[in-house]
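K.L.:
structure for the following, please:
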Amino acid sequence: FAFTAGASVRYIDHEAGDDAHPGTSRERPWRHHPWDAAATGRAAAERGVHTYVFKRGVVYRGALVGRDSGTAAEPVRLTSDPAWGLGDAEISGAHRVAKPWRRVDGAELTRVGFPAVSGRKL
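P.N.:
The predicted structure follows:
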């Protein structure tokens, strides 16, 4: 992996960012990517061709729907910078589970809206 940035860079830290920040530095990153429906403030208003740098070691939880196009000479980039954070940067549409996992039976699943489960161990 070789980190490559274009002429315009925006930083995203889904854990500690703030969409009201300018997003132009590691010290003042956005929480959401502008293509995420959950983006607000400056992040939601952003348009154009940028390199979007996601902080390493952070899981971005959301869905991105592209609405800007780059060119071969200046593409839109979704990347991470090895000098910012530790580990991998991840984009996940999954929600964080706040409560611990536990085993449930078929009756409980039916009660919360899952189809009946018969003859199978859970």
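
K.L.:
for residue 53, which residues make a bridge with it?
P.N.:
The residues listed as beta-bridge partners of residue 53 by DSSP bridges are residue 11, residue 79.

K.L.:
does it touch residue 13 like I think?
P.N.:
No - contact between residue 53 and residue 13 fails when scored by Cβ atoms under 8 Å: they sit 9.4 Å apart. C-beta here means a position set from N, CA and C on the backbone, and glycine is covered the same way.

K.L.:
where's residue 67 relative to residue 103, distance?
P.N.:
The gap separating residue 67 from residue 103 is 43 Å, by Cβ to Cβ, to the nearest Å.

K.L.:
pLDDT score for residue 122?
P.N.:
Among the per-residue scores, residue 122 holds a pLDDT of 49.

K.L.:
ok, now residue 62?
P.N.:
Model confidence at residue 62 (pLDDT) stands at 91.

K.L.:
go ahead and confirm it touches residue 36.
P.N.:
Yes - counting by Cβ under 8 Å, residue 62 touches residue 36, with 4.3 Å between them.

K.L.:
comparing the two, which residue is more hemmed in?
P.N.:
residue 36 (22 against 17; other Cβ atoms under 10 Å).
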